[in-house]
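**Student:** Sharing a sequence plus its predicted fold:
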Amino acid sequence: MAVQALYVAALAAFVLSFPASAQVAVPEEPGHCSGAIESADPTKPTNWPTPKAFKVQGSGVCSEYSYSGWDRSLDLYLGEGARDYLPLIIQAVATWNDTLRGFSQKDVIRVSGRRPNTYYLSENFWQHSITESTANLYDGQSVIYFKSSGAFGKTGSYAHLQWSDYSGQMTHADIYINTTHEEKYGRNLARAVKIDRLNETYEVWAFANATYLTILHELGHALGLKHLPVSGNIMSYNYMPKLGDIWRVPLGMFSTQMSVLTQTEPSTEIYPFLRKEGEFSPYMILKDPATLGFLEAFTSSVELGEQDKMALMCVYDFEDWNH
C-alpha cells in the first residue's frame, strides 16, 4: 500500500500542468460476458474429468465453477483487431501466468506472433456468432478477436471452448471481444467505482480499463473457468469491489492529507481520481491526460480474487504439468 501511495503522489505531481476536461459518460452498459459456450461437437466429453491436483471437499468450487484445463500451454493467436489491444492482452496473460508461479514451471498461456489460419471474422459476425465461432473451432488454433457489433444489440463478449473426448482436456478456445462502445464513444473505456467521500462535494473514485477487464475475464474462460457468484473476482460480473479494496486506503489518505496541507479547495487537475458528485459514472470514456495516467496505474494494479485462483487450481494436475 505504501508503494501505491507514493506512486499516486508522484503521478499527481507530474500531472499538475495538464488541464482537466470532461469525461464522456457511456449511457448504456456494455453487454455482460455471454459465458463460456460449449461446443456441440462430439469431441466434448460426456462426463467432466475429476480434478486431481487440488480439491476442496464439499465446497462445490471444483464441480460447479470449473470446466477442464489444458495439458499443455494455451497458445493464443492474435486474430482480427487483436494487435490494437496487444499491450492489454500481454498484461492480462502475465496476470494469469503469474498467479500460478510456484505451482507451474511453465506458462499456462503463451501469445503467438504467427498469423492464425482464421484471421478475419465476417462483417456481420455478431448476428450469427455462434454458428461462425463453432466453425472456427476446426482451424486447429486458439485465437482472440476484437470486433464491433455495430447497431446489433448489446451482444456480450464470450469464449468458445472444446474438449477432447479421449483425454478430457481442453483442445481449443477462441475468444471474441465486442468493441462496440469504444467504436461509438472513443477509446479508453473505463469501469469506475466510488471508494470514498472526501467531503460533501468531492468523491474518491478508482477506475480500470473496461476492455482489459473483459480480456482478463475471457482468458479465465479459455483456461477452463466458469462464472463465479462472488463479487470481487475477475470471473464474476462485478469485479470492481476488489479494486476498491486495493485503493481505498492509499487514495483516501492521500486526498485527505493533501487537502489539509494546501488548505484550499481540492482540484481535479491535481487529483484525477477526486471528482465532484455526479462527474463520474460507472462506465466512461476518459479524455484528459491526467486521468489517463491514473487509468494505467489503476489497471496495472488489478489482481485476481481468491476464488479465481482456487477455481483455476481445480482444473490443473500440477504433478503432470511440471514434468
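**Tutor:** Looks like it came in fine. Numbering: from 1, shown residues only.
**Student:** Please count neighbours and contacts with C-alpha atoms only from this point.
**Tutor:** OK.
**Student:** neighbours of residue 123, just the number please.
**Tutor:** 10 (other CA atoms under 10 Å).
**Student:** Next: the one 10 residues further on.
**Tutor:** Other residues within reach of residue 133 by the criterion other CA under 10 Å amount to 21.
**Student:** and the gap between it and residue 162?
**Tutor:** The gap separating residue 133 from residue 162 is 11 Å, by CA to CA, to the nearest Å.
**Student:** What of residue 155?
**Tutor:** For residue 155 relative to residue 162 (CA to CA), the value is 21 Å.
**Student:** neighbour count winner among those two?
**Tutor:** Using other CA under 10 Å as the criterion, residue 155 and residue 162 rank with residue 162 on top: 28 against 21.
**Student:** so that one makes contact with residue 171?
**Tutor:** Yes - between residue 162 and residue 171 there is a contact under CA atoms under 8 Å: 5.8 Å.
**Student:** which residues in the chain form helices?
**Tutor:** 2-14, 61-64, 86-99, 129-136, 180-185, 210-223, 240-262, 289-300, 306-314, 318-321 (DSSP state H).
**Student:** and the fifth one, which residues are buried?
**Tutor:** Yep, that's helix 180-185 we're talking about. 180, 181, 182 (16 or more other CA atoms under 10 Å).
**Student:** got a list of what the residue lying closest to the first one once chain neighbours are set aside touches?
**Tutor:** Taking CA to CA, 6 or more residues apart in numbering as the measure, residue 180 lies nearest to residue 148, with 4.3 Å between them; neighbours along the chain are not counted. Residue 148 sits next to 178, 179, 180, 183 when contact means CA atoms under 8 Å, 6 or more residues apart in numbering.
**Student:** Apply 7 Å and report the result again.
**Tutor:** Residues counted as contacts of residue 148 (CA atoms under 7 Å, 6 or more residues apart in numbering) are 178, 179, 180.
**Student:** Excluding chain neighbours, what is closest to the most centrally placed residue in the chain?
**Tutor:** For the chain, the residue sitting closest to the mean C-alpha position, by CA atoms, centre = their mean, is residue 213 at 2.1 Å. Take residue 213 and drop its neighbours on the chain: the residue closest to it by CA to CA, 6+ apart is residue 234, 7.4 Å away.
**Student:** so the one you found makes contact with residue 304?
**Tutor:** Yes - between residue 234 and residue 304 there is a contact under CA atoms under 7 Å: 5.9 Å.
**Student:** With neighbour numbers in mind, choose between these two.
**Tutor:** Neighbour totals were compared for residue 234 and residue 304, and residue 234 leads with 27 against 18 (other CA under 10 Å).
**Student:** got any ranges where the chain has weak pLDDT?
**Tutor:** 1-22, 38-65, 102-105, 151-154, 165-168, 261-270, 316-323 (pLDDT under 70).
**Student:** repeat that with 80
**Tutor:** 1-23, 27-29, 31-32, 34-69, 100-106, 151-155, 164-169, 255-271, 290, 313-323 (pLDDT under 80).
**Student:** all strands in the stretch 1-150 of the chain, in order from the N-terminus.
**Tutor:** 24-25, 35-38, 74-78, 109-111, 142-147 (DSSP state E, counting those that start in this stretch).
**Student:** ranking the ones you listed by burial, who's on top?
**Tutor:** Among these, strand 142-147 has the highest mean neighbour count (mean count of other CA atoms under 10 Å), at a mean of 24.
**Student:** Can you show me the CA trace of it as CSV?
**Tutor:** Output of strand 142-147 as CSV, limited to C-alpha atoms (Å, rounded to 0.1, in the frame of the first residue of the first chain):
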residue,chain,number,x,y,z
SER,A,142,-6.9,-20.8,-30.3
VAL,A,143,-7.5,-17.1,-31.3
ILE,A,144,-8.6,-13.9,-29.7
TYR,A,145,-10.6,-11.5,-31.8
PHE,A,146,-11.8,-7.9,-31.4
LYS,A,147,-14.8,-6.7,-33.4
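**Student:** same for it, what does it pack against?
**Tutor:** Secondary-structure packing of strand 142-147 (3 or more CA pairs under 7 Å, 6 or more residues apart in numbering; DSSP states H and E): strand 74-78, strand 170-178.
**Student:** Save those strands as CSV, and put in distance to residue 291 too.
**Tutor:** Output for the helices and strands packed on strand 142-147, formatted as CSV (distance: least, CA to CA, whole Å):
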stretch, distance to residue 291
strand 74-78, 29
strand 170-178, 24
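**Student:** Figure out which of the ones you listed is closest to residue 292.
**Tutor:** Among those, the nearest to residue 292 by CA to CA is strand 170-178 (21.9 Å).
**Student:** could you give the angle of that closest one to strand 74-78?
**Tutor:** Angle of strand 170-178 versus strand 74-78, following axes from the mean of the first three to the mean of the last three CA atoms, to 10 degrees, is 30 degrees.
**Student:** Could you list the residues in contact with strand 170-178?
**Tutor:** Contacts for strand 170-178 (CA under 7 Å, 6+ apart): 68-70, 137, 141-149, 156-164, 218, 222.
**Student:** rerun that using 6 Å as the cut-off
**Tutor:** Contacts with strand 170-178, where a contact means CA atoms under 6 Å, 6 or more residues apart in numbering, come from 69-70, 142-148, 157-163, 222.
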